[in-house]
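Asks: let me see the structure of the following:
(one chain, ligands or ions: 1)
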Amino acid sequence: MPPAPKQKQEYTLEQVQAHNSEDDLWIIIDGRVYDMSKFAQFHPGGATVLYDVAGQDATEQFYGLHRQSVLVKYGPKYEIGTVKGQTPKVEFPAPGDISKVPYAEAGGFQGLPSPYYNESHHEFRKAVRIFCENELTKDAVTLDDSGEYPTDETWEKMGRFGLLASRIGPGPHLNAFCKMGGTLPGGIKPEEFDYFHEMIAHEEVSKIAVPGYVDGLGSGMVIGLPPVLYFGKPPLRDRVVAEVLSGKKKICLAITEAGAGSDVAAITTTAKLSPDGKHYIVNGTKKWITNGGFCDYFSTAVRTGKGHSGITMLLIERQEGLETDPIKTSYSPSAGTAYITFENVKVPVENVLGKEGQGFQVIMFNFNHERWCIVASVTRAMRLVVEECFKWSHQRKVFNKMLIEQPVIRQKMASMISEVESVHAWLESITHQMNQMDYKEAALKLAGPIALLKLRCTRVAHNISDDSCQIFGGRAITKTGMGRVVEGFHRTYKFAAILGGSEEIMADLGVRQAMRAFPMNSKL
Ligand code: HEM
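Replies: Model (predicted):
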């Protein structure tokens with residue numbers, strides 16, 4: 001939130017200049033006067049730097065060293081008025097505002113014509129952005145630092161607002177959700193909702209830019225609920241989908257094991273039918289399960305036989321015999337990344353998702369959506385990094401010039417902008433194609449393009465991380481302050497290059513899918 005406009009006193013420059021001692025210390029930042037006399041001793045940057053600018057205009061020094069959020073937090077407490085004849089120039093965006101920094105938003109949202117977005121997408125983005133800024137962003141850094149999970153209250157808020165439902169995409173479940181009293185952000189009707197709305201929901205959550213905590217806000221649900229939605233038996237499906245979309249229960253996807261990642265067929269967790277044929281008894285382990293630490297439900301891949309056709313998907317409820325232990329990753333523990341052990345866990349046969357032995361198809365079917373979601377989130381994160389670099393290179397003075405005045409920095413900016421724009425344009429194009437197909441057709445026809453898009457996206461993320469770190473220097477490796485966003489991106493972008501299918505698997509899958517469609521009668 002920008003500081004509330006102050007109806008405080010006006011001071012002449014001479015009056016401010018008179019307060020220039022250690023115990024009577026005023027400064028000017030962007031036409032506003034701050035009394036720093038009491039704060040100086042507690043200033044995290046030390047008192048002496050403030051003594052050096054006592055009674056003076058310190059706008060340039062301030063913006064060279066602090067994020068605007070510092071003024072939002074402390075400004076109202078120390079601001080005592082404005083300077084006569086000066087009007088504050090620096091803008092404090094209001095919640096939901098679209099950035100004016102070039103390339104900080106998709107062109108379609110910065111006034112350029114776009115074939116993809118209509119009024120409802122603009123309304124939807126604004127509503128989701130305001131919700132994220134007001135309800136999710138303010139505690140994100142603190143909770144991420146302390147490693148806490150998002151609270152039950154936060155989940156229920158996301159449920160009531162329709163954010164959880166929006167992140168599962170278009171489909172009949174939205175009607176069911178709204179019939180039960182749920183609403184979608186921006187007053188969007190279920191029948192209007194398309195994959196661009198869903199894409200926007202992922203983008204806005206990603207823009208919170210606190211990677212571990214943001215993952216804790218439902219990345220597990222985004223990939224764990226679709227198998228239930230598309231393959232669960234109606235009574236189970238309807239109950240679980242309603243509980244999850246309202247934020248009352250949490251779900252995640254449990255496939256990976258210590259010895260089985262991209263090679264899904266190598267999983268060893270077993271499910272054996274009980275003698276009365278009513279239950280499966282599950283034994284084994286799962287590793288790197290996003291949100292696993294706090295979930296109630298686990299969409300789990302188990303082995304019911306040999307080979308590919310011996311894999312089955314089961315919905316398992318948290319119960320005795322199912323333990324989750326935190327795994328220390330480069331993310332914050334807020335993501336709830338877990339190691340899971342199953343010891344004689346009893347699962348009703350009704351909880352099979354799809355049919356016994358068809359787990360591999362369920363997993364593959366689900367992967368396209370997961371990969372597309374990853375691309376939407378990472379591309380938004382990259383766009384934010386571009387915005388951070390653009391702002392920083394205008395704020396930071398080096399060799400008596402703005403950083404952006406150095407040709408080498410402009411080269412890096414050009415490279416970053418063009419790479420992000422190209423990935424985003426392909427993402428929009430694929431999203432448009434998804435809107436024209438049903439889930440099954442999209443799974444078939446877009447598996448290859450989505451795999452190649454994910455590969456391109458995470459390769460670009462590698463370059464963005466590298467360039468932005470060089471632009472931010474020491475701040476890029478500092479968790480707090482100016483480089484906070486760049487540091488978070490740099491520390492965590494590799495997750496996307498590994499999760500949901502590694503870059504190497506994506507490359508191979510993309511080309512092999514294209515080979516299937518290759519006309520063998522086509523010759524040079
Ligand atoms: C309203 C006035 C100010 C407030 C509320 C304030 C507050 C803060 C806070 C909270 C931090 C640590 C936050 C962070 O990590 O970004 C900080 C750091 C710092 N501040 Fe200030 N500050 C003010 C003005 C100034 C001015 C005018 C100067 C210099 C003339 C200054 C110099 C510094 C320095 C050098 C650091 C350390 C930066 C770093 O570690 O990179 N501050 N300040």
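Asks: is the residue in the stretch 1-150 of the chain that the ligand sits nearest to in a helix, a strand, or coil?
Replies: Nearest residue of the stretch 1-150 of the chain to the ligand (CB to the nearest ligand atom) works out as Gly45 at 2.3 Å. The C-beta positions use only the backbone N, C-alpha and C, and glycine is treated the same way. What DSSP: H, G, I helix; E, B strand; the rest coil gives for Gly45 is coil.
Asks: what residues does the closest residue to it other than its chain neighbours make contact with?
Replies: Nearest residue to Gly45, sequence neighbours excluded (CB to CB, 6 or more residues apart in numbering): Leu65, at 6.7 Å. For Leu65, the contact set (CB atoms under 8 Å, 6 or more residues apart in numbering) comprises 45, 481-482.
Asks: which of those residues are buried?
Replies: When the contacts of Leu65 are checked for burial by 16 or more other CB atoms under 10 Å, the buried set is Met482.
Asks: just to be sure, Gly182 is in a helix?
Replies: No: under three-state DSSP, Gly182 falls outside any helix and is assigned coil.
Asks: for it, give its distance to Ala201.
Replies: Going from Gly182 to Ala201 by CB to CB, to the nearest Å gives 14 Å.
Asks: and His490, what does it touch?
Replies: Taking CB under 8 Å, 6+ apart, one finds 465, 468-469, 476-477 in contact with His490.
Asks: hang on, isn't Leu353 packed against Pro226?
Replies: No: the criterion here is CB atoms under 8 Å, and Leu353 misses it with Pro226 at 9.8 Å.
Asks: quote the end-to-end distance of stretch 303-322.
Replies: This stretch, stretch 303-322, spans 17 Å end to end (CA to CA, to the nearest Å).
Asks: any idea of the mean pLDDT for that stretch?
Replies: Stretch 303-322 shows a mean pLDDT of 96 in the predicted model.
Asks: buried stuff in that stretch?
Replies: Buried residues in stretch 303-322 (16+ other CB under 10 Å): 303-304, 310-318, 322.
Asks: so who does the residue of the stretch 351-500 of the chain at minimum distance from the ligand touch?
Replies: Residue of the stretch 351-500 of the chain nearest the ligand, by CB to the nearest ligand atom: Gly481 (3.4 Å). Contact partners of Gly481, counting by CB under 8 Å, 6+ apart, are 65-67, 475.
Asks: contacts with the ligand among the residues you listed, please.
Replies: 65-67 (CB under 6 Å from any ligand atom).
Asks: can I get those residues in TSV with pLDDT?
Replies: Below are these laid out as TSV (pLDDT from 0 to 100):
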residue	pLDDT
Leu65	94
His66	95
Arg67	94
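Asks: restricted to strands, list the residues you listed.
Replies: Nothing among the ones next to the ligand among the contacts of Gly481 maps onto strands, per DSSP state E.
Asks: out of the residues you listed, list just those in helices.
Replies: Leu65 (DSSP state H).
Asks: out of the ones next to the ligand among the contacts of Gly481, which comes closest to Ile188?
Replies: Taking CB to CB as the measure, Ile188 lies nearest Arg67 of the ones next to the ligand among the contacts of Gly481, at 32.8 Å.
Asks: the closest one against Arg484, yeah?
Replies: Yes: using CB under 8 Å, Arg67 is in contact with Arg484, at 7.2 Å.
Asks: show me what contacts Phe62?
Replies: 29, 71.
Asks: re the thing from before, if I look at the residue of the stretch 351-500 of the chain closest to the ligand, how far off is Thr137?
Replies: For Gly481, the distance to Thr137 - CB to CB - is 17 Å.
Asks: contact partners for the residue sitting nearest the centre point of the chain?
Replies: Computing the C-alpha centroid of the chain and ranking residues by CA atoms, centre = their mean puts Ser206 first, at 2.4 Å. Neighbouring residues of Ser206 by CB under 8 Å, 6+ apart: 214, 376-378, 380-381, 384.
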